[in-house]
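Novice: Whatever this is, show me its structure:
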Amino acid sequence: MGIFLQREKDASDFLNATKVKVDTAVCIEQDGNGKEWYLIEDRQDADTSRKEFSLNHPLVKKLLGQSVGDTVVLIDNPYSKISGKIIEIKSKYIYAFQDSFSSFETLFPGATGMWKVKVGIPRKEGATPEGFQTIFDSISSQHERGLLIEKLYKQGQLTIGAFANLAGRDIMQVWNKLISSPEPGVIVCTGSSNERQLAYSFIAGQTKLVADLVAVMTLHAIGIADFIVKRFGKIGIAQSTVDLLSEAVTERKGIQAKGFMIIGKEGDEFVRQDISAEDIRHNLEYLENILKWISTSCEIIPCRAALTVKRVQRQQLEKMIGASPVETILIASEAGRLLYTDDGHLRSLARNEFKVNGVWTQVLLMKCLSERILDRDKYDECVIQLASLNYRHTSIDSFVLIDAARRSGWTPKPPFTTVLRLLGGQYSNEASARIVGTTFIYELFKQTILPQQRDQLILALIDTMTSKRNPGVVLGELKKALERRFYLIPLSLSQVLALIDAWQKLHIA
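Specialist: Take a look at the predicted model:
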């Protein structure tokens, strides 16, 4: 059934029948005797008890070439003449699929994932049609389960692969969900400088990067894939990762090609999202380009290390986080290789269970910047994109913040506000935020912009730096840092301090 649904659009002509021919199913309506289906078969063992008729059958000879609306004589003898009207013609494969679909729950009562719901007519205007409430209850249940899964992921108990398995989705679907919202976002790292320095040390020598699907999606989302290959050479990848991408392409060429609708829930409200055929086409092109890039810029590496892992252990891991992440870790466990993933929880699992070290995209960008494979503008652009994808905890400095403000037209709007959010109390420690904020304000005075623009950006900075923190303490320390930084330009210092005082009077009682 799944294979049928995933067929490509090219099969439409084969499956869409307008006239009676071999391999079609014909529905004939007789006056007073209801409807009957007949299957036209090109084989001698056609079983008439199953309404299968060979080409030599007299009825088939009458039906061939007929269209919907035509009348066919079914019985013609000295005593009676009975005719029937063709009311529907379809491919026998579609007929078989629909017949199986309608009786699926009867034939396989223990199977899950496919249910029939009878939807009736509303009892009164504005009322929910009978049967819909069952669907809404199911969506609500899935919503609650999804919130629990998100909570476990945010707490560090799930990798993205485990998230996907529990949610009944694939890794790409979960990744797309995570990048669409700041909470929980994609948890890439803890954000500590020690963690970054340790990861940076892993790429000091010649190592082979082995990337998982999340890393591959990240590279292409920010347009940095070719730069990484230029510095680190062909990237290792698991065959199972390629298979996931290929399966996604097949799905988008199949039943998803014409678009579809998703019903979900946000808060207490049910919401509908329409995925158009155009959306599918763009996504299909995107995935096909990734596969082309893999064929030229990656090396599919066999998972020899799988032979060293107990079968039961591997099966348990695959059931928990998926075959592709497990295979990627095992390939990276061999000498001279380094795990590359933006799934921070997967790197923790690899390190704790298999002693496999790992890195993530921003660390590789830092390396490319230090070796001038990337210039500063390109690096800043990439970091802004990572922040816009809700990658936590992306490391930013004052130069990235200045670049984001420039891209925002020196007004407090995205991407500036998106990057600025990373200085809030829930995303960074106070000391780091103060260092970045102080230098940003200092650099802001060097820019050729209107005073009103500068003030708006500084006020937005203060709003963010005091978020989830004690405003009085934060601003007191910020003033001290600014006094040291602006020591030689007292006029600018007085302007900044006056702005901070005005904010305090407005927001602190």
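
Novice: longest helix of the protein?
Specialist: Determined from DSSP state H, the single longest helix within the chain is helix 132-154.

Novice: Please enumerate residues in contact with it?
Specialist: With contact meaning C-beta atoms under 8 Å, 6 or more residues apart in numbering, helix 132-154 is reached by 117, 119, 128, 158, 160, 162-163, 166-167, 183-184, 187, 263-265, 270, 345. C-beta: built from backbone N, CA, C; applies to glycine.

Novice: Then stretch 110-129?
Specialist: Phe101, Ser102, Phe104, Glu105, Glu130, Gly131, Phe132, Thr134, Ile135, Phe136.

Novice: Could you give me the buried positions within it?
Specialist: Neighbour counts over stretch 110-129 (16 or more other C-beta atoms under 10 Å) mark no residue as buried.

Novice: Equivalent analysis for stretch 55-75, please.
Specialist: The neighbour-count check on stretch 55-75 (16+ other C-beta under 10 Å) flags His57, Leu59, Val60, Leu63, Gln66, Asp70, Leu74 as buried.

Novice: Secondary structure element for the second one, which one?
Specialist: To tie it back to what came earlier, the one meant is Leu59. If you go by DSSP states H and E, Leu59 is part of helix 58-63.

Novice: Return the members of the contacts of stretch 110-129 classed as buried.
Specialist: Ile135.

Novice: Leu365 versus Phe227, what's the distance?
Specialist: According to C-beta to C-beta, to the nearest Å, Phe227 stands 8 Å off from Leu365.

Novice: Show me which of these two is the more surrounded one.
Specialist: Leu365 (23 against 19; other C-beta atoms under 10 Å).

Novice: Can you classify that one as helix, strand or coil?
Specialist: Following DSSP: H, G, I helix; E, B strand; the rest coil, we place Leu365 in the helix state.

Novice: my guess is it meets Arg376, correct?
Specialist: No: between Leu365 and Arg376 there is no contact under C-beta atoms under 8 Å: 11.2 Å.

Novice: rewinding a little: common neighbours of Phe227 and Leu365, please.
Specialist: Leu374.

Novice: For Thr190, list the residues it contacts.
Specialist: Taking C-beta under 8 Å, 6+ apart as the test, what Thr190 contacts is Gly344, His393.

Novice: Quick check: it vs Phe136, distance?
Specialist: In terms of C-beta to C-beta, Thr190 sits 39 Å off from Phe136.

Novice: With Met261 instead?
Specialist: 15 Å.

Novice: now Leu423
Specialist: 41 Å.

Novice: quick one: the strands in the stretch 51-200 of the chain?
Specialist: Using DSSP state E, counting those that start in this stretch, the strands of the stretch 51-200 of the chain run over 52-54, 71-76, 81-91, 186-187.

Novice: Give me the helices and strands touching the last one, please.
Specialist: When contacts are defined as 3 or more C-beta pairs under 8 Å, 6 or more residues apart in numbering; DSSP states H and E, strand 186-187 packs onto helix 171-179, strand 391-392.

Novice: With the second one instead?
Specialist: Using 3+ C-beta pairs under 8 Å, 6+ apart as the contact criterion, the secondary-structure elements in contact with strand 71-76 are strand 24-30, helix 58-63, strand 81-91.

Novice: Then the third one?
Specialist: Using 3+ C-beta pairs under 8 Å, 6+ apart as the contact criterion, the elements in contact with strand 81-91 are strand 24-30, strand 71-76.

Novice: which one of the ones you listed lies closest to Ser467?
Specialist: strand 24-30 (63.9 Å; C-beta to C-beta).
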